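Asks: sequence unknown, structure follows:
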């Protein structure tokens, strides 16, 4: 159940979003870029043997880095431009759009709200306007 403050924030947020943005395409581009990087790196290996044993530790390290970034950067304001931008984007927008009582995804066009945060620099200008969602319901 959405509270009035959250509903108003969502309406204002949607009004600032560019009409060309599509959440599914955003997610697709992120996965294509990641898969392309993995394929490129795998093709650089010459007769790999023990190198494949690094896959699990590297994945665990990546998850730890993401957890640390979320907990120590995205939830703590720091006076460093890029880190401050990540905090503002994540805590002040994502956690106001999604709360413990209002976590519904209004539309598939809003992939950037629950996706990774590499798009921090273009954030809230990416997306569609609220008029594009007339008649949509939460998933």
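Replies: Received it, and whenever you're ready, just let me know what you need. Since we're looking at a predicted model, the values are computed, not measured.
Asks: report the distance from the longest helix that the chain contains to the chain centre.
Replies: Secondary structure of the chain per DSSP state H: the longest helix is helix 23-44. The chain centre lies 15 Å from the centre of helix 23-44; the measure is C-alpha atoms, centre = their mean, to the nearest Å.
Asks: likewise for stretch 93-101?
Replies: 13 Å.
Asks: all helices of this protein, in order?
Replies: Using DSSP H, helices in the chain cover 4-15, 23-44, 55-72, 81-87, 95-97, 111-114.
Asks: if you average pLDDT over the fourth one, what comes out?
Replies: What it means is helix 81-87. Averaged across helix 81-87, the pLDDT comes to 88.
Asks: just the pLDDT for the residue located most distally from the centre of the chain.
Replies: Distance from the centre of the chain peaks at residue 47, with 36.1 Å (C-alpha atoms, centre = their mean). We have a pLDDT of 87 for residue 47.
Asks: got phi/psi on it?
Replies: phi 50, psi 60 (degrees, to the nearest 10).
Asks: where does this structure have low pLDDT?
Replies: Applying pLDDT under 70 to the chain picks out residues 1, 106-139.
Asks: let's see it at 90
Replies: Counting by pLDDT under 90, the chain has low-confidence residues at 1-27, 41-42, 44-53, 55, 70-73, 75-86, 88-139.
Asks: for residue 21, give me phi and psi.
Replies: Dihedral angles (degrees, to the nearest 10) for residue 21: phi -80, psi 140.
Asks: can you give me the neighbour number for it?
Replies: If you count neighbours by other C-beta atoms under 10 Å, residue 21 ends up with 19. Where you see a C-beta, it was placed from the backbone N, CA and C, and this is true even at glycine.
Asks: then residue 83?
Replies: 17.
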